[in-house]
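[1] Need the 3D shape of this:
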Amino acid sequence: MTSVPASGVTPSSWSASCPSRAVIDVPGRRWVLPLMPLLRGGPRRNGKLLRSAEGVSPKMRTQTLRDLESHGLVVRRVYYDVPPRVEYPLTPLGHSLANTIFVLDQGTMRRYHEMAGLRRPTRRGSRCGVRRTGVGSP
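    Take a look at the predicted model:
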């Protein structure tokens, strides 16, 4: 039997109106998947994250970290040293998500060549690489 949370709402990711969709959306954002596993090794400073995650602009890195912070996945620690520095350690919830992403990442890397070999190029204007046939089709 499924228990109903204190909020009285049973989460269902299949329902478009379910608030759980906002939480499920977090790992699917563009730079979350590359950044989260990098944070597994301990707190990281902005510069180290920028060097470690190629292709992430400083603006997008900062925006992604703020988003992760707002969802309780990282904590922003400010040190008022000279020069000042900021670190981003994972929270326990963040570690859980980062570990899950890491497993997905490792599995993808192990199977990369197999998946890349199975991928078929798509034709322009067709969906999913399938050419439509029938009346009115070229």
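
[2] going forward, measure contacts and count neighbours with C-alpha atoms only.
    Noted.

[3] Could you pull out the buried residues of the worst-scoring helix or strand of the chain on mean pLDDT?
    For the chain, using mean pLDDT, DSSP states H and E, the weakest element among its helices and strands is helix 20-25, scoring a mean of 73. Neighbour counts over helix 20-25 (16 or more other Cα atoms under 10 Å) mark residue 20 as buried.

[4] which residues are in contact with the helix or strand just after that helix?
    Sequence-wise, the next helix or strand downstream of helix 20-25 (DSSP states H and E) is helix 32-39. Helix 32-39 is contacted from outside by 26-27, 49, 52-53, 64, 88-90, 94, 97-99, 101-102, using Cα atoms under 8 Å, 6 or more residues apart in numbering.

[5] Could you give the separation of the helix or strand that comes right after helix 32-39 from the chain centroid?
    Of the helices and strands lying after helix 32-39 in sequence (DSSP H and E), the nearest is strand 44-45. Mean-position distance between strand 44-45 and its chain equals 18 Å (Cα atoms, centre = their mean, to the nearest Å).

[6] Let me see the mean pLDDT of strand 44-45.
    Strand 44-45 comes out with an average pLDDT of 82.

[7] Number the chain from 49, please
    Sure, I'll start numbering at 49, so the last one becomes strand 92-93.
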